[in-house]
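Asks: sharing a model that was predicted from the sequence below.
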Amino acid sequence: MKTIKIGIMPQKEIRARTLAIASGKYKLRSDEPKIWFTSIRSLAEVLSDDNQALLQLIMEKKPNSIRELSEMSGRESSNLSRTLKTLSAYGFITLEKVNKTVCPVAKAAKFNIIFAIYKN
């Protein structure tokens, strides 16, 4: 399983970087993070202990549906669905549709977090 690179940068810096990329002034390097957070706190909320345990469960048990994952984890389906959508939005999992069933698939087991202290 691959390692996901995560960057942490203030919103203003993320916006400036995105604009520079869009205008062609900055070219992305292959070793740069693709996922960005505005603070360590926001990253910690998404990759909380509970969500890390959920990722571990998805990797180990490979549930065939959200309902199956709900039963395995003991989490309510509505709460679990919100969490899975968030993890999917950040690229930590994919939600693969098989027939009429949605199957969560973990994309990484390791995370490389890159950040620097920025002046305001």
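Replies: In hand now; what should we look at? Numbers count the residues shown, from 1 in each chain.
Asks: which elements pack onto the helix or strand of the chain with the lowest mean pLDDT?
Replies: Within the chain, no helix or strand scores below strand 108-115, which has a mean of 90 by mean pLDDT, DSSP states H and E. Applying 3 or more Cβ pairs under 8 Å, 6 or more residues apart in numbering; DSSP states H and E, one finds that strand 108-115 contacts strand 2-8. Every C-beta, even on glycine, is put in place using the N, C-alpha and C of the backbone.
Asks: now do the SS call for the residue lying farthest from the centre of the chain.
Replies: Here the centre of the chain is the reference, and by Cα atoms, centre = their mean the most remote residue is residue 25, at 27.2 Å. What DSSP: H, G, I helix; E, B strand; the rest coil gives for residue 25 is coil.
Asks: how close does it get to residue 17?
Replies: 10 Å (Cβ to Cβ, to the nearest Å).
Asks: check residue 102 too.
Replies: For residue 102, the distance to residue 17 equals 33 Å [Cβ to Cβ].
Asks: then residue 109?
Replies: In terms of Cβ to Cβ, residue 109 sits 27 Å off from residue 17.
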